[in-house]
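K.L.:
Got a predicted structure plus its sequence, pasted below:
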Amino acid sequence: MAIYVDDLLCCCKEEDGLKWLAQALIRDEYTDIQVNEGSLHSYLGQTFDFNQPGKVRITMEGYVQDLLTLYEVDHYAATPALSNLFTVKSPTPRS
């Protein structure tokens, strides 16, 4: 179970465990919760893909795209380093 403020991501080996948890939350405390079933889930900008049995593929393509849009990035670079990365500066005298 992953919890972030009011968002929960629950995974269980047996589907009955997830159904029990959802029913317990609805019955005991929260009446307005959203339960997403299936093999593809979005959680806090991440996409969890459970299509391959016994494995999960986690990507953040949606989050990255949102960042690129927010900061109006419209070009790319081959490297994040500046062109002077390997320029050696002359030593400064120690005091």
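P.N.:
Alright, I've got the coordinates.
K.L.:
Need the residues that contact the worst-scoring helix or strand of the chain on mean pLDDT.
P.N.:
Counting by mean pLDDT, DSSP states H and E, the weakest-scoring helix or strand in the chain turns out to be strand 2-4, with a mean of 80. Strand 2-4 is contacted by residues 8-10, 43-44 when judged by CB atoms under 8 Å, 6 or more residues apart in numbering. No exception for glycine: its C-beta is placed from N, CA and C like everyone else's.
K.L.:
and it, which strands flank it?
P.N.:
Partner strands and pairing direction for strand 2-4 (DSSP bridges) are strand 7-9 (antiparallel).
K.L.:
List the neighbours of the strand it pairs with that are in contact with it.
P.N.:
Here strand 7-9 has contacts from 1-2, 41, 43-44, 48, using CB under 8 Å, 6+ apart.
K.L.:
Closest one of the residues you listed to Ile58?
P.N.:
Phe48 (5.7 Å; CB to CB).
K.L.:
mind checking the SS state of the closest one?
P.N.:
Following DSSP: H, G, I helix; E, B strand; the rest coil, Phe48 is assigned to strand.
K.L.:
Not counting sequence-adjacent ones, nearest residue to it?
P.N.:
His41 (4.6 Å; CB to CB, 6 or more residues apart in numbering).
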